[in-house]
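Engineer: Sequence and computational prediction follow.
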Amino acid sequence: MINQSILLVEPENIEENLYPFSVMHCGWEIRMGAFRKYEKMEKEFPGASILYYTKREKHLRSFLKRVHSDQQTLEDNDLLVLKTNALHSRHFWDNIKNALRNHQTPQPILFKNGEDPAAAFIPKSELARRSDFKQFAVLSNFSNEFYANFITENITIKPINYLWNTLDYVEESIEYDFHFFENEFDYGLAYQQGWHICNEKEIVIGEGSKIAPGVVLDATDGPIIIGKNVRVMANAVIIGPCFIGDNSIIKIGAKIYEKTAIGEWCKVGGEIENSIIHGYSNKQHDGFLGHSYLGEWVNLGADTNTSDLKNTYGKISAILRDREVDSDRMFLGLMAGDHTKSGINTMFTTGTVAGVSSNVVGAGYPPRSIPSFSFGGFKESPVYEFSKAIDVAKTVMARRKKELLPEEEALLKMEFERLAT
């Protein structure tokens, strides 16, 4: 499985099911541990050609412009086609590798989870013989006739049907991702500087990171991965499994509980539990964030709190665009899209979904469904003028020496126009 190409495929209904993250991102950009999905593929298959397919062409252009080159070429390699709506865990890869080893010569294999196709292995000889396979649209459709004669292998997957499913896989993802990092931890120096460490063998800290006296790193129940150039300020407590991305800052006295993944260039404080925060987002003041998923460039004001448990202890539903979905979860907090911000003392109720570029301010609890470009977050709140929202996004990004690309602005415009119709 070394000399091959990987094709990541977005499934149907992703625009609604992964809302609001899907407004600005493709399915292979979701994060569960130390990596976003496409980054995990790059680690899993170093040197392999990673290809992408989605029917959402504007989203693909935005991703390729932001992250990769604009070129996608199917090379003369074996090809592994993967749907992105699954946890690609150690168990998943073991099943794939075992199935390939069971066949003496490379055979075309369709992997199914029950009746649902999840992946396919196509030898390069098969690709050469059937030129129509070179069309990504054909390759992405496991139900078409081209897969009819493939050998079928059963495989068990853990699905990502909705954004909140990722919260269930943070622990497993971080534990698996730990093996990709080298341990550069100087325990003697740590103790001299007044750190408090539990289970040091499960802790990795990247080059250039600075840990202040009084910090507690407790990896008793799972690994702690701290990236490069991270600053952890005095008296912060981090409990594993936990990941903190490069160049992030953990503020004084922060309480970061298990099953939390924080992306690059974030500022984080207060109390956080079982949450995923994408890069360039801030939650640096006191307040509770639990069982939540934040996109990029999100900023939560001081004393913003999320409720993640009903008083009735009942199951929580969430409104994804215009559809209410039962999450079948007892714990679910806030899901916020890119560039959304909350004012000080904002109180989000259980299962709140906030779109992109919304400003949530005002007294009382905002509604569970906050549309994109809302200036206030409430039903009677005015719409955030598009040009002003873009100006603010550009200003915020420039502070991190980043640029709002035309391709990203086009996605924001598409969401703005969707709500205007």
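Structural biologist: Great, that's in hand.
Engineer: Contacts made by the helix or strand I174 falls within with the rest, please.
Structural biologist: Assigned by DSSP states H and E, I174 belongs to helix 170-177. Residues from elsewhere that reach helix 170-177, judged by Cβ atoms under 8 Å, 6 or more residues apart in numbering: 32-35, 40, 87, 89-90, 222-223, 225, 240-243, 258-261, 274, 276. Heads up, the C-betas are built off the backbone N, CA and C, glycines and all.
Engineer: Repeat the analysis, applying 7 Å as the threshold.
Structural biologist: 32-35, 89-90, 222-223, 225, 241-243, 259-261, 274, 276 (Cβ atoms under 7 Å, 6 or more residues apart in numbering).
Engineer: same thing with stretch 75-86?
Structural biologist: With contacts defined as Cβ under 7 Å, 6+ apart, stretch 75-86 is touched by 3-11, 27-28, 37, 49, 88, 106, 118-124, 127, 139, 157-161.
Engineer: For the residues you listed, which PyMOL command selects only the ones that are buried?
Structural biologist: A single PyMOL command selects the buried members of these (16 or more other Cβ atoms under 10 Å):
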select buried, resi 4+5+6+7+8+9+10+11+27+28+37+49+88+118+119+120+121+122+123+124+127+139+157+160
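Engineer: measure stretch 139-146 end to end?
Structural biologist: In stretch 139-146, first residue to last residue: 8 Å (Cα to Cα, to the nearest Å).
Engineer: mind listing what's buried in that stretch?
Structural biologist: In stretch 139-146, the ones that count as buried by 16+ other Cβ under 10 Å are 139-140, 142, 146.
Engineer: taking these one by one, which sit in strands?
Structural biologist: In strands, judged by DSSP state E, none of those are found.
Engineer: Can you tell me which of these is nearest P213?
Structural biologist: S140 (52.8 Å; Cβ to Cβ).
Engineer: Setting the sequence-adjacent residues aside, check what's closest to the closest one.
Structural biologist: Once flanking residues are discounted, S140 sits nearest to V9: 4.3 Å by Cβ to Cβ, 6 or more residues apart in numbering.
Engineer: Over to A99?
Structural biologist: Excluding the flanking residues, the one nearest A99 by Cβ to Cβ, 6+ apart is E153, at 4.4 Å.
Engineer: what about the helix or strand the one you found falls within, average pLDDT?
Structural biologist: In the assignment (DSSP H and E), E153 maps to strand 151-154. Mean per-residue pLDDT for strand 151-154: 90.
Engineer: Going by neighbour count, which residues of it are buried?
Structural biologist: E153.
Engineer: which strands and helices sit next to that strand?
Structural biologist: Contact here means 3 or more Cβ pairs under 7 Å, 6 or more residues apart in numbering; DSSP states H and E; on that basis strand 151-154 packs against strand 109-113.
Engineer: With only the CA atoms kept, save stretch 238-257 in PDB.
Structural biologist: Extracted as PDB, the C-alpha positions of stretch 238-257 are listed here (Å, rounded to 0.1, in the frame of the first residue of the first chain):
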ATOM      1  CA  ILE A 238      -4.400  19.700  30.400                       C
ATOM      2  CA  ILE A 239      -5.900  16.200  30.700                       C
ATOM      3  CA  GLY A 240      -5.400  13.600  27.900                       C
ATOM      4  CA  PRO A 241      -6.300  12.500  25.400                       C
ATOM      5  CA  CYS A 242      -5.700  16.000  24.100                       C
ATOM      6  CA  PHE A 243      -4.100  17.700  21.100                       C
ATOM      7  CA  ILE A 244      -2.900  21.300  20.900                       C
ATOM      8  CA  GLY A 245      -1.800  22.500  17.500                       C
ATOM      9  CA  ASP A 246       1.300  24.500  16.500                       C
ATOM     10  CA  ASN A 247       1.600  28.100  17.600                       C
ATOM     11  CA  SER A 248      -1.400  28.000  19.900                       C
ATOM     12  CA  ILE A 249      -1.600  29.700  23.300                       C
ATOM     13  CA  ILE A 250      -3.200  28.200  26.400                       C
ATOM     14  CA  LYS A 251      -4.000  31.000  28.800                       C
ATOM     15  CA  ILE A 252      -3.400  31.200  32.600                       C
ATOM     16  CA  GLY A 253      -5.500  28.800  34.600                       C
ATOM     17  CA  ALA A 254      -7.100  27.100  31.600                       C
ATOM     18  CA  LYS A 255      -8.900  23.800  32.300                       C
ATOM     19  CA  ILE A 256      -8.700  21.600  29.200                       C
ATOM     20  CA  TYR A 257     -10.400  18.200  29.800                       C
END
